[in-house]
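**Student:** sequence-free structure coming up:
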């Protein structure tokens, strides 16, 4: 039996008792508008899969980590059985790419817990106001930021960790304008996972945010200058060993915006949403960190998505759409999308410095008309590349869902 069929069977078996209740939400169905099977992965109301650029799958590819109101749990992707991993008010960081660890913040410290054995370790106390956002490829370093109001040592007394927040705040735009204008001095740091040593690697009065280590190079860290996208040069990398900082994209027109950057699985490409200008022309842009070549895939207004993602072998992409209130103002954009990339045949000058153009061919997977987009769906591919996983409030409370990329047999 294939992993896909095992997932469906396991989830149906795990949810059969709950499904017997009159008020239980459906466990699986075929979307009548797309012909694709949807499975509800989680049972706890207000449980959610991780943010689109956070690795949410264990190193062996067998489990998905998700958040619940009670903490962090893992889901066996073959049997559909969920297991609590961490209990309490925590903020998940990421799952490791080498071990079965999930990393998270709790009470002013950063911790790791093995989702199989339950073995937990406090790695380090954080500096005042400090936060950690990412773990490197070999799980030897964490990276984060803090505002330099005063020296980061000695560490502060433990403070309560804010719970995971799912919905976007209504005043997000105003908040981002005010925070950018503040020009607060910030430090970006690493923490040695083994020794707990904290080392500052970059200082700036820019708003440093969205740190994400390369999935393959343990010394390459991507970060952003946060703020309203039309006012910042957003995407950067820093080499931890040399300190070399590189800007990934340079604006060439007024109101050109770019962001929601993420790595390809092989660590060679940084992908990001590009609009030339804002809200008018839409691309998914890629920058190869080794060859420095650029690829831009064009997509239509209704196909623009808040977040995109790519599967492990780079052959497929996905997007979570958006409602009319998003930057694309799409009239019919509330869908989970699958994209098949196609490069344009080139007949002109062959110049490495030129952008390679292409197009994304879209297929609709899930009708999201009942989804309220203050909760961003945050799509990702399952490790076996056969499902797109997302969070949604289409049934009322938030749950994690999976949609099968292959059409259901009954819909063919």
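**Tutor:** All right, it came through fine. Worth saying up front: this structure is predicted, and the values here are computed from it rather than measured. Numbering: from 1, shown residues only.

**Student:** now residue 202: how far from residue 360?
**Tutor:** 34 Å (Cβ to Cβ, to the nearest Å). Heads up, the C-betas are built off the backbone N, CA and C, glycines and all.

**Student:** give the residue spans of this protein that score low on pLDDT.
**Tutor:** 1-22, 150-164, 411-412 (pLDDT under 70).

**Student:** give me the domain ranges for this protein.
**Tutor:** 87-247, 252-392 (automatic domain parsing).

**Student:** residue 53: which of those domains is closest?
**Tutor:** domain 252-392 (4.3 Å; Cβ to Cβ).

**Student:** how long is that closest one end to end?
**Tutor:** 36 Å (Cα to Cα, to the nearest Å).

**Student:** quick revisit: could you dump the domains of the chain into JSON lines with mean neighbour count and distance to residue 25 added?
**Tutor:** As requested, the domains of the chain are arranged in JSON lines below (neighbours: other Cβ atoms under 10 Å; distance: least, Cβ to Cβ, whole Å):
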{"stretch": "domain 87-247", "mean neighbour count": "17", "distance to residue 25": "17"}
{"stretch": "domain 252-392", "mean neighbour count": "18", "distance to residue 25": "11"}
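
**Student:** I'd like the ones you listed as TSV, with distance to residue 69 appended.
**Tutor:** Converted to TSV, those look like this (distance: least, Cβ to Cβ, whole Å):
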stretch	distance to residue 69
domain 87-247	8
domain 252-392	14
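
**Student:** among those, which is nearest residue 24?
**Tutor:** Using Cβ to Cβ, the domains of the chain put domain 252-392 closest to residue 24, at 16.5 Å.

**Student:** now that closest one, how far from the chain's geometric center?
**Tutor:** 13 Å (Cα atoms, centre = their mean, to the nearest Å).

**Student:** show me where the stretch 51-200 of the chain has its helices.
**Tutor:** Secondary structure of the stretch 51-200 of the chain (DSSP state H, counting those that start in this stretch): helices at 172-182.

**Student:** which parts of it are strands?
**Tutor:** 63-68, 71-76, 82-87, 91-95, 101-106, 109-114, 120-125, 131-135, 141-147, 186-192, 198-204 (DSSP state E, counting those that start in this stretch).

**Student:** indicate which one of those is closest to residue 407.
**Tutor:** That would be, of the strands of the stretch 51-200 of the chain and by Cβ to Cβ, strand 63-68, which comes in at 22.9 Å.

**Student:** do you know how far residue 100 is from residue 197?
**Tutor:** Taking Cβ to Cβ, one finds residue 100 at 24 Å from residue 197.

**Student:** tabulate the strands of the stretch 51-200 of the chain in JSON lines, adding columns for distance to residue 399.
**Tutor:** JSON lines is the format used below for these (distance: least, Cβ to Cβ, whole Å):
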{"stretch": "strand 63-68", "distance to residue 399": "9"}
{"stretch": "strand 71-76", "distance to residue 399": "12"}
{"stretch": "strand 82-87", "distance to residue 399": "12"}
{"stretch": "strand 91-95", "distance to residue 399": "17"}
{"stretch": "strand 101-106", "distance to residue 399": "19"}
{"stretch": "strand 109-114", "distance to residue 399": "23"}
{"stretch": "strand 120-125", "distance to residue 399": "26"}
{"stretch": "strand 131-135", "distance to residue 399": "25"}
{"stretch": "strand 141-147", "distance to residue 399": "29"}
{"stretch": "strand 186-192", "distance to residue 399": "33"}
{"stretch": "strand 198-204", "distance to residue 399": "37"}
